[in-house]
Structures are given as structure tokens and as C-alpha cells.
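[1] Below are the sequence and a predicted model; questions follow.
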Amino acid sequence: MRRCRRLVLAGTLLGALVATGCTADPEPVPRTAGSPWLCSGVPRDSIDLALGGAELDEDSGQGSLGWRDDGFDCAAQAGDSTILVAQQTVLNSGYGSTEEEIVETLEASSDGRRIDADAPGRGYLVEEGQAVAVWVCTGFVTRVSFFGEPPRGRDWSEDAVNLLVSMLPWACGEEDAPPTD
């Protein structure tokens, strides 16, 4: 009889924990990147943290081309949430035809939410229904975009900025991008 009560009590407590749900780790994505890599130069641990530890869909991590080529992208998806890291030349970015034009466009659309980082170029956080961090440097535009609903407890604006800043050494050509693990 005692054993049954213990099992019922344990089951009730477990059910209460499941019913209340879990919140994501409140720790922000770090501003420095490290291995393992989801795609070349895209830190897997940062992606996992931003997505609240949810299991990535099997197509995640399939990118195209390489950094400093025209058309690099790497997507990660977990359920209804997606993170896209993309880089294009200034001319193909869709923001303008020169770095100066792009900076003006971003300043106007982001209400001056400039990103501070020790890297060449300039960056802005643009929030138009989603969190998008954009950096312009050395002829390239690098974007980190978050789509969908953030896990409870996550600040995707901060995560987008930090993920972008962590990849600036190779996005701006100061270092070679680490290869995929």
C-alpha cells in the first residue's frame, strides 16, 4: 500500500512538472564562437541555446557555398522556430548597392539600434516582427535572422546580436571560418 502511495505521489509530481512546462536557459548566446560547428563558422551550441535546447530538424545545418563567397547560408530549424545565417555581397544583399547606402537603410529601419563590436564595419538590430541582426563590412552583408516563436525565457534580439558578433572574425575576413565538425 505504501509503495502505491509513493508511486501515485511521484506520478502526480511528475505530471505537475510536465504540465507547467520548462523555461529555456536564460543565459544569452555568447559573443564568442566555439566548436562544435553546425555549418562552417556557425556555432552549434549557440544555435541550441537560442532554440531552447529543442531537437533540430534533420535538414538543419545544410548550408551552401562558403564564407566570403556570394550566397553563404546556414539554417537551423526546431519545430516552428528557425535561425538563418546568411552572407551576400553588398550588391546582392537587397539593402542597397553600396555599404554607405546599406548603413543608411539599416539606420532608418532600426531606429538607430546599432550593434557595438570590435570589428570592421557597422551593424544594426532590425526588429520587424522578428529579430534580425545585420553587419556590413568589407563588401559583404551578414545577417542572422530568427523566425517563429522564441522559447519561453529567450531574448532573441540579444541572441541574434550575440550570434552575429561571434562570427564577425570570418564574416569580415579577418580569419578563416572554422570547418563543420
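    Happy to help now that I have it.
[2] For the residue most central in space within the chain, which residues are in contact?
    Centroid-nearest residue in the chain, with C-alpha atoms, centre = their mean: Ala160, separated by 4.7 Å. Neighbour list for Ala160: 125, 131-133, 144-146 [criterion: C-beta atoms under 8 Å, 6 or more residues apart in numbering]. All C-beta atoms are positioned from the backbone trio N, CA, C, and that covers glycine.
[3] Could you tell me which of these belong to strands?
    Among the contacts of Ala160, the ones falling in strands (DSSP state E) are 125, 131-133, 144-146.
[4] which one of the residues you listed has the most neighbours?
    Of the ones in strands among the contacts of Ala160, Val144 is surrounded by the most neighbours, 32 neighbours in total, counting by other C-beta atoms under 10 Å.
[5] Low-confidence bits of the chain, can you list those?
    Low-confidence segments of the chain, defined by pLDDT under 70: 1-24, 110-112.
[6] residue boundaries of the strands in it?
    37-39, 42-43, 72-78, 81-89, 114-115, 122-127, 131-137, 140-147.
[7] Please compute how far the fourth one lies from its chain's middle.
    For strand 81-89, the distance from its own C-alpha centre to the chain's C-alpha centre is 8 Å (C-alpha atoms, centre = their mean, to the nearest Å).
[8] residues making contact with it?
    Everything outside strand 81-89 that qualifies as a contact, by C-beta under 8 Å, 6+ apart, is 39, 42, 47, 50-51, 54, 63, 67-68, 70-77, 94, 139-151, 163, 167, 171.
[9] Of those, select the buried ones using a ChimeraX command.
    ChimeraX command restricting those to the buried ones, with burial defined by 16 or more other C-beta atoms under 10 Å:
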select :39,42,47,50,51,63,67,68,72,73,74,75,76,77,140,141,142,143,144,145,146,147,150,151,163,167,171
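[10] re the thing from before, next, format the strands of the chain as JSON lines and append distance to Asp59.
    Supplementary listing: these in JSON lines, determined by distance: least, C-beta to C-beta, whole Å:
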{"stretch": "strand 37-39", "distance to Asp59": "12"}
{"stretch": "strand 42-43", "distance to Asp59": "14"}
{"stretch": "strand 72-78", "distance to Asp59": "7"}
{"stretch": "strand 81-89", "distance to Asp59": "11"}
{"stretch": "strand 114-115", "distance to Asp59": "29"}
{"stretch": "strand 122-127", "distance to Asp59": "26"}
{"stretch": "strand 131-137", "distance to Asp59": "21"}
{"stretch": "strand 140-147", "distance to Asp59": "15"}
